[in-house]
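[1] structural data only, the sequence is not supplied:
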Ligand SMILES: [Zn+2]
């Protein structure tokens, strides 16, 4: 597959899922998922929290030129994940998928489009790829976390995308267990959060179980999920975290660690299909706060 040409061409290599986090943080989140199988390749956006101009610029930078995504999957409707200008900017032929729980807010805030499609448990994205959805605790309406599964005969690739999670739960761990690539938020260092010059209300919202995951909560969740190839840490707080502190919790891990940023896209992370083995069903560790 040539991602650096003018178009995404039919795949010639093994079927695969590929991920590039264009940017992540409280100033805007947007990732690109490329699905390649026997019928060709398509790309999707996960969240659209950057301006249209910046989204276009970063798509150019990673080799996708002026192409538009097949669709946009939204985790939730906060502005840093669902920016109005970008959702408007891609036009009517790019459907926007949001969880049915977000319908009320979308309609109150004028963010329902003719092309809005509602997600519940899952969706087929192509002949061979589907996404399964679970809602995490985040503010009132929750945040959708995604498990993408690409199947090619008996082989499979899986990718998990989970941000704005509130708190680790057994349900989320089960949902994401054993994926090849895991993108997951690692929002704050508890000490920096406590020391930060910000209102108590904000601190309580972030740390209270319906806001974000700390570095330690993220690392515990990742260990329980046991991803196979790559982990990307998402949504690091600029004020209350650093890449070094977030990475420190993943020392000696058996996966390759990447840390997303607000300024530069990550490298392309690749999960080709592999033989799927029967995996033992383990009882999940309960992390409810
Ligand atoms: Zn967010």
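    That came through, no problem. Because the structure is a prediction, the values reported are computed rather than measured.
[2] tell me which helix or strand residue 247 sits in.
    Using DSSP states H and E, the secondary-structure element containing residue 247 is helix 243-248.
[3] partner strands of the helix or strand containing residue 231, with direction?
    Using DSSP H and E, residue 231 maps to strand 230-234. Its sheet considered, strand 230-234 pairs with strand 181-185 (parallel), strand 256-259 (parallel) by DSSP bridges.
[4] winner for burial among those strands?
    Highest mean neighbour count of these: strand 181-185, a mean of 29 (counted as mean count of other C-beta atoms under 10 Å). Any C-beta I mention is one placed from the backbone N, CA and C, and that applies to glycine too.
[5] so that strand, near the ion or not?
    No - applying C-beta under 5 Å from the ion, one finds strand 181-185 out of contact with the ion, separated by at least 8.0 Å.
[6] after that strand comes which helix or strand?
    With elements assigned by DSSP H and E, the helix or strand that comes after strand 181-185 is helix 190-195.
[7] and the strands paired with strand 230-234 as JSON lines, adding mean pLDDT?
    Compiled in JSON lines, the strands paired with strand 230-234 are given as follows (pLDDT from 0 to 100):
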{"stretch": "strand 181-185", "mean pLDDT": "98"}
{"stretch": "strand 256-259", "mean pLDDT": "96"}
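[8] can you report phi and psi for the closest residue to residue 187 other than its chain neighbours?
    In this structure, residue 187 finds its nearest non-sequential neighbour in residue 212, 3.5 Å apart by C-beta to C-beta, 6 or more residues apart in numbering. Main-chain torsions, residue 212, degrees, to the nearest 10: phi -130, psi 170.
[9] is it correct that residue 212 is in contact with residue 235?
    Yes - Residue 212 lies in contact with residue 235 (C-beta atoms under 8 Å); the separation is 6.9 Å.
[10] pLDDT of the longest strand seen in the chain, averaged?
    Taking DSSP state E as the criterion, the chain has its longest strand at strand 143-152. In this model, strand 143-152 carries a mean pLDDT of 96.
[11] now what about the strand holding residue 231, what contacts it?
    Strand 230-234 has contacts (C-beta atoms under 8 Å, 6 or more residues apart in numbering) with 19, 21, 24, 29, 163, 180-186, 218, 222, 246-247, 250, 253, 255-260, 266, 269, 271.
[12] if we go to 7 Å?
    21, 24, 163, 181-186, 218, 222, 246, 250, 255-260, 266, 269 (C-beta atoms under 7 Å, 6 or more residues apart in numbering).
[13] so which bits of this protein are right by the ion?
    80, 164.
[14] residue ranges of the helices in the chain, please?
    All helices of the chain, identified by DSSP state H, fall at 52-61, 84-89, 103-108, 170-176, 190-195, 200-207, 215-225, 243-248.
[15] rebuild the ones you listed as a markdown table, extending it with mean pLDDT, mean neighbour count and distance to residue 124.
    Output for these, formatted as a markdown table (pLDDT from 0 to 100; neighbours: other C-beta atoms under 10 Å; distance: least, C-beta to C-beta, whole Å):
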| stretch | mean pLDDT | mean neighbour count | distance to residue 124 |
| --- | --- | --- | --- |
| helix 52-61 | 96 | 16 | 24 |
| helix 84-89 | 89 | 17 | 22 |
| helix 103-108 | 92 | 14 | 21 |
| helix 170-176 | 96 | 20 | 18 |
| helix 190-195 | 90 | 14 | 40 |
| helix 200-207 | 88 | 14 | 35 |
| helix 215-225 | 97 | 21 | 24 |
| helix 243-248 | 96 | 15 | 34 |
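[16] which ones are touching the closest residue to the ion within the stretch 151-289 of the chain?
    Across the stretch 151-289 of the chain, the shortest distance to the ion (C-beta to the ion) belongs to residue 164, at 4.6 Å. Contacts for residue 164 (C-beta under 7 Å, 6+ apart) come out as 75-76, 138, 143, 185, 212, 235.
[17] least confident of the residues you listed?
    residue 138 (84).
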